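Give me the fold of what follows.
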Amino acid sequence: MKKLLILLLGLMLVLGLSACGEKDEKTDAKTETKTDDEKTEVGTLKNPIPVGDSFTFDLKKEVKEKKVDLEIRMTVQSIIRGEEAWKLIQAENSTNKQAPEGMEYALIKINGELTKSSDPEYEYYFNSQDFYSYDSKGIAMPGKFVVEPDAFGGLVTVGGSKDGMVALLVPINAEFFIKYNTSKPYYFASK
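Residues are numbered from 1 along each chain as shown. From the prediction side, this is the model:
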């Protein structure tokens with residue numbers, strides 16, 4: 001009887017451990033899949049859009065109780081920073097204030113295009129105030145209050161595009177991220 005009891009306990013122990021092992025393997029597989037998905041999803045802090053690459057995304061707007069489906073293509077074309085950016089900002093308006101200690105201005109040249117719209121009459125407004133800067137750790141940088149040279153922004157209809165500059169405060173000589181804030185944020189790299 002004791003041998004049968006020991007055999008049953010041993011069998012239960014083996015089955016219990018094998019069940020735990022299966023559960024851990026399934027959990028690990030889900031974790032690995034999620035990590036792989038995060039790496040492949042473009043436009044996140046972990047996988048920002050590189051300078052020069054165009055990124056297309058969908059956007060839904062509601063106008064007078066009517067839903068409009070849009071497709072927007074955005075490109076960070078180039079970045080000017082430091083003393084060169086400050087000279088351009090100061091030349092645009094002499095009352096612009098210098099960047100705080102430890103920070104510098106970056107002028108981001110952007111192209112935005114409304115590539116599709118479910119309403120051909122709809123006008124989309126690109127706004128330089130929809131852009132924010134984050135340091136390499138993903139921490140938001142302070143806002144800027146300057147008159148921008150060749151400011152990015154304006155209304156476009158389907159097929160229309162806008163080019164211009166966005167001024168952001170960024171850490172001196174350090175990598176940073178550019179966030180375009182729509183209904184879902186998209187991140188661009190500074191390199």
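
Output the lowest mean pLDDT helix or strand found in the chain.
helix 2-40 (a mean of 41; mean pLDDT, DSSP states H and E).

what lines up beside the helix or strand following it in the sheet?
Per DSSP states H and E, helix 2-40 leads on to strand 54-63 as the next helix or strand towards the C-terminus. The partner list of strand 54-63 in its sheet, established with DSSP bridges, is strand 66-81 (antiparallel).

The strand it pairs with - what's its average pLDDT?
Average pLDDT, strand 66-81: 96.

same question, stretch 152-172
96.

Figure out how far that stretch is from the centre of its chain.
15 Å (CA atoms, centre = their mean, to the nearest Å).

now do stretch 177-191
With CA atoms, centre = their mean, you get 3 Å for stretch 177-191.

hmm, who's touching that stretch?
By CB atoms under 8 Å, 6 or more residues apart in numbering, the residues outside stretch 177-191 that reach it are 43-45, 48-51, 55, 57, 59-60, 72, 74, 76, 79, 106, 108, 130-136, 138, 166, 168, 170, 175-176. Glycine gets a C-beta too; all of them are placed from N, C-alpha and C.

Same question for that stretch: list its buried residues.
177-180, 186-190 (16 or more other CB atoms under 10 Å).

Which members of these are positioned in strands?
Under the assignment DSSP state E, the buried residues of stretch 177-191 contribute 177-180, 186-189 to strands.

Per-residue pLDDT of Ser183, please?
So Ser183 comes in at 81 (pLDDT).

same thing with Phe145?
83.

Please verify my assumption that Thr135 contacts Leu169.
For the record, residue 135 is Asp, not Thr. No. If you go by CB atoms under 8 Å, Asp135 and Leu169 don't touch, sitting 10.4 Å apart.
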